[in-house]
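Peer 1: A predicted structure for the sequence below; I have some questions about it.
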Amino acid sequence: MTSPHLIYLLAGVAGILIVATIIGEVLRARIAPDGSNPVIENLNARIAAWWGMVVLLALAFLAGRAGVVVLFAVLSFAALREFLTLTSKARADHWALLGAFFIVLPLQYWLVAIEWYGLYSVLIPVYAFLLMPVVSALRGSPAGFLARVAESQWALMICIYCVSHVPALLSLHIPGYEGRNVILIAWLIFTVQLSDVMQYVWGKLVGRRPLAPSLSPSKTWEGLVGGVLTASAAGASLWWMTPFSLPQAAALALVVTLMGSFGGLVMSAIKRDKGIKDWGHLIAGHGGFLDRLDSVVFAAPIFFHLVRYGWSLT
Amino acid sequence: MDQPGIAPQDPPPPGRLRAFAAVIAGKAITLFARIVTAPRALWTGIEPVPAQRIYYANHTSNGDFVLIWTVLPAMLRRRTRPVAALDYWLARPLRAFIGRDVFRAVLIDRRPEQRVEDPVTLMVAALDQGDSLILFPEGLRNMGEAPLLPFKSGLYHLARQRPGVDLVPVWISNLNRIMPKGEVIPLPLICTLNFGAPLHLEPDEPKETFLARAEAALLALRQTGGTP
């Protein structure tokens, strides 16, 4: 499963992180060596967490299909926990929600692992969608029923269904690209996450006009445009390790970075409505798993289906 | 429920193997609690430093004190003992091992007519050994819609008899949804524990006033917890 291209990409990311680490340390030494500047401390915490995330991803890539599927199943679990902590639910939903964690989630990833596209693409939108409300209804308690089942279904779609489309990229059969599908995952995550990082950087440097002040005070038009364009250019420049031509890679990079930005916006709206700033607390500097995954969640299924339609035999 | 033959505070023989098993079991329990609920401690009113304290919290589930115990730093955890019901914790040998050896619980008898030792006396004795306590002043698990049941008077008596000890309110959110009454399998949601500013008994403060103040301090933490 390892290919020289994957090593190049990981080495490139490590290089970026080394530069970022040096910049973070220099900023701290120059401006606030005692660690009193919260922006610099948050920046350094984010960079440190990035190291951890990249190492974890690299290990999963090296472990092959099983490693990637298990990693994203665990990420789904953490994301689902964060999401369902905030949704409306009643005692009557206990069994339905247990089913989401302990039946639907493992089943979805098992289907992805055995490449059963026909079932993993409908398990949550059809079977879970129809059966989970039945489990809740059988236990009574009609108060807020529609809101409860709708929010639960949203949690499953976002945290299990969409996330599982990242490892599902391994099941595409692209002629002439056999054994290298893991590059598709690495490319998608690199492009989308770079867009997030560059939106933050552009926003901090030249951000003026707020994008949606009622949703997220830190998002700006300058950040959005700068981040999407920078990351799209970076993604396009890696076309030679993908099955795409240069213009195709540029178009796909634009699509996934835009979807990623929309994902951040939609998830911000939910957070704002629920009265929280971050989804969780387990990734220092970033917040929760969903804070880091929101862009990938929105980009992965679209990317999967575009590549499946345009390049894959299955 | 009827265990008349057990002497509640008999210290177990301090065998090395038993002590080792207790340490391992303690680590396993905290790890399990972390995996199931990813508990998040918010120290909004006080720092997690070694000082003698009585942590008092809302009581919605049997997992309550395990969570407080889990999020305390290891150094504090070793000196912190939950106050728990004797009839529950001594009912089975494994429970008795966990209650007495792992948590070193101060076991009190909920049946006034049968008990040999007064609960407050036992708690004061634990404080006098230098230990901190975890206490649920509602007495019973809260199964209703009200956020908090009226406090029993134990907290007041402790505050009066050992006025130097910090009384720290701890609001535990979400645990009733992780493990609703009658359910066996916990739902792995995130649990938040909000540690508030410490209270002390004012000079000449009447019991009712003090208990009302302690209840209000705990309820106030519900609003500032971040996550609902």
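Peer 2: Nice, I can see it. Residues are numbered from 1 along each chain as shown, chains lettered A, B, ... in the order given.
Peer 1: Do a quick rundown of the helices in the stretch 51-200 of chain A.
Peer 2: Applying DSSP state H, counting those that start in this stretch to the stretch 51-200 of chain A gives helices spanning A:65-86, A:94-99, A:105-113, A:117-120, A:129-138, A:145-156, A:163-164, A:181-206.
Peer 1: For those, give me TSV that also has mean pLDDT and mean neighbour count.
Peer 2: Where C-beta positions appear, they are placed from N, C-alpha and C, glycine not excepted. Converted to TSV, the helices of the stretch 51-200 of chain A look like this (pLDDT from 0 to 100; neighbours: other Cβ atoms under 10 Å in any protein chain shown):
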stretch	mean pLDDT	mean neighbour count
helix A:65-86	92	22
helix A:94-99	93	20
helix A:105-113	96	20
helix A:117-120	94	15
helix A:129-138	93	16
helix A:145-156	94	18
helix A:163-164	96	28
helix A:181-206	91	22
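Peer 1: right, so of those, which gets closest to chain B?
Peer 2: Smallest distance to chain B across the helices of the stretch 51-200 of chain A (Cβ to the nearest Cβ): 4.4 Å, for helix A:65-86.
Peer 1: so, in contact with chain B or not, the closest one?
Peer 2: Yes: residues of helix A:65-86 contacting chain B under Cβ under 8 Å from any Cβ of the partner chain: A:F77, A:A78, A:R81, A:E82, A:L84, A:T85, A:L86.
Peer 1: Any regions of chain A where pLDDT drops low?
Peer 2: For chain A, the stretches with pLDDT under 70 are A:1-2.
Peer 1: need the residues of it near chain B, please.
Peer 2: A:77-78, A:81-82, A:84-86, A:89, A:91, A:94, A:97-98, A:101-102, A:274-277, A:280-282.
Peer 1: Get me the contact residues on chain B for chain A.
Peer 2: So far as Cβ under 8 Å from any Cβ goes, chain B lies against chain A at B:38, B:40, B:174, B:177, B:180-181, B:183, B:185, B:187-190, B:226-228.
Peer 1: Apply 10 Å and report the result again.
Peer 2: Contact residues (Cβ under 10 Å from any Cβ of the partner chain) of chain B with chain A: B:35-42, B:173-174, B:176-192, B:226-228.
Peer 1: Mind checking which of those residues are buried?
Peer 2: Among the residues of chain B next to chain A, those classed as buried by 16 or more other Cβ atoms under 10 Å in any protein chain shown are B:36-42, B:173-174, B:176-180, B:186-192, B:227.
Peer 1: Return the per-residue confidence for B:Q3.
Peer 2: Looking at B:Q3, its pLDDT is 45.
Peer 1: Next: B:P169.
Peer 2: At B:P169, pLDDT is 94.
Peer 1: which other helices and strands contact the helix or strand where it lies?
Peer 2: B:P169 is part of strand B:166-173, with elements assigned from DSSP states H and E. Applying 3 or more Cβ pairs under 10 Å, 6 or more residues apart in numbering or on different chains; DSSP states H and E, we find strand B:166-173 packed against strand B:40-43, strand B:53-57, helix B:64-71, strand B:132-135, helix B:154-161, strand B:192-195, helix B:207-223.
Peer 1: and if we set it to 8 Å?
Peer 2: Counting contacts by 3 or more Cβ pairs under 8 Å, 6 or more residues apart in numbering or on different chains; DSSP states H and E, strand B:166-173 is packed against strand B:53-57, helix B:64-71, helix B:154-161, strand B:192-195, helix B:207-223.
Peer 1: For it, buried residues please.
Peer 2: Residues of strand B:166-173 classed as buried by neighbour count (16+ other Cβ under 10 Å): B:L167, B:V168, B:P169, B:V170, B:W171, B:I172, B:S173.
Peer 1: who's the third one bridged to?
Peer 2: Think B:P169. Beta-bridge pairing for B:P169 (DSSP bridges): B:Y56.
Peer 1: which residues does it contact?
Peer 2: Residues near B:P169 by Cβ atoms under 8 Å, 6 or more residues apart in numbering or on different chains: B:G45, B:Y56, B:A57, B:F195, B:G196, B:A197, B:L199, B:A214, B:A217, B:L218, B:L221.
Peer 1: which residues does residue 135 contact?
Peer 2: You didn't pick a chain, so chain A it is. With Cβ under 8 Å, 6+ apart, A:V135 has these contacts: A:W95, A:A96, A:G99.
Peer 1: actually chain B
Peer 2: Counting by Cβ under 8 Å, 6+ apart, B:L135 makes contact with B:I54, B:Y55, B:Y56, B:A57, B:P82, B:V83, B:M123, B:G154, B:L155, B:L158.
Peer 1: Got a ChimeraX select line for the buried ones in these?
Peer 2: Provided next is the ChimeraX selection string for whichever of the contacts of B:L135 are buried by 16+ other Cβ under 10 Å:
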select /B:54,55,56,57,82,83,123,154,155,158
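Peer 1: count of neighbours near residue 125?
Peer 2: Using chain A. By other Cβ atoms under 10 Å in any protein chain shown, the residues close to A:P125 number 13.
Peer 1: not quite, I wanted chain B
Peer 2: B:A125, neighbours per other Cβ under 10 Å, totals 13.
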